[in-house]
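>>> sharing a sequence plus its predicted fold:
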Amino acid sequence: MIVKVCGMGDSAIMHQLSTLKIDMLGFIFYPRSPRFVVGKIEPKEITKLPSSIKKTGVFVNAGIETILDYAKSFHLDTIQLHGNETPELCEALKAKGFGVLKAFNLTKNNNFEAYEPYCDYFIFDTPSEQHGGTGEKFDWTLLNNYTAEIPFLLSGGIGPEDAKEVLQIQHPQLAGVDIISKF
């Protein structure tokens, strides 16, 4: 199971986590988020992470130039889009060699097919005005409605007490978890 820890904002914690079996570390590049990483972690610290950990930049409705600037400065491997981004933006980032994750709200009708050719994973998170990081779980039975082929990471209020329940989810496309606030 893939483990992505998001919301990195402290170099010491980031380096401690890098000693665990973490697959991805997420860095928030959404200025309105309290977890906005700029000014909290120096980009050179990210270069010290093991190459086995995918450095993932999380963006909300940012333009491609902004994304590419931060990706270069912070040595990102993967881009997570957590807003209303288009399949065309996913395609452009994929063409630049980035892994692409796209977040969706399962309570809405989504056009997964348009994104499938350009995304490595989808992320299913709790709907919120702040675009994630609420610490609240959504109704996981909604996962039963997902029939696309792209694997997904489950996000939204997952804490240690949820481990047993997550491991019991039998969805064939469940690839892992994206944890943040309750972790």
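That came through fine.
>>> quick check, Thr56 in a strand?
Yes. Judged by DSSP: H, G, I helix; E, B strand; the rest coil, Thr56 forms part of a strand.
>>> partner residues bridging it?
Beta-bridge partners for Thr56, by DSSP bridges, are Gly26, Thr78.
>>> now it: how far from Leu101?
Going from Thr56 to Leu101 by Cβ to Cβ, to the nearest Å gives 7 Å. Glycine gets a C-beta too; all of them are placed from N, C-alpha and C.
>>> okay, and the common contacts of those two?
Thr78, Ile79, Gln80 (Cβ atoms under 8 Å, 6 or more residues apart in numbering).
>>> make JSON lines out of those and add neighbour count and pLDDT.
Rendered in JSON lines, the data for the shared contacts of Thr56 and Leu101 read as follows (neighbours: other Cβ atoms under 10 Å; pLDDT from 0 to 100):
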{"residue": "Thr78", "neighbour count": "21", "pLDDT": "98"}
{"residue": "Ile79", "neighbour count": "27", "pLDDT": "98"}
{"residue": "Gln80", "neighbour count": "29", "pLDDT": "97"}
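>>> which one of those is nearest Phe122?
Gln80 (10.3 Å; Cβ to Cβ).
>>> shouldn't the closest one be within a strand?
Yes. Under three-state DSSP, Gln80 sits within a strand.
>>> what is the neighbour count of Asn61?
When counting by other Cβ atoms under 10 Å, one arrives at 13 neighbours for Asn61.
>>> what is the end-to-end distance of stretch 83-90?
Length of stretch 83-90, first residue to last, Cα to Cα, to the nearest Å: 12 Å.
>>> also stretch 98-108?
So stretch 98-108: terminal residues 27 Å apart, Cα to Cα.
>>> try stretch 12-25
13 Å.
>>> mean confidence for it?
What stretch 12-25 shows for mean pLDDT is 95.
>>> list the buried residues for it?
Met14, Leu17, Ile22, Asp23, Met24, Leu25 (16 or more other Cβ atoms under 10 Å).
>>> kindly report the same for stretch 79-89.
Buried, per 16+ other Cβ under 10 Å, within stretch 79-89: Ile79, Gln80, Leu81, His82, Glu85, Pro87, Leu89.
>>> contacting residues around it?
26, 30, 56-62, 64, 67, 71, 90, 93, 98-103, 114-115, 117-118, 123, 125, 131-132.
>>> across the sheet, point out what pairs with the closest residue to Leu154 other than its chain neighbours.
Of all residues not flanking Leu154 in the chain, Val177 sits nearest, at 5.3 Å (Cβ to Cβ, 6 or more residues apart in numbering). When bridges are called by DSSP bridges, Val177 pairs up with Val3, Leu154.
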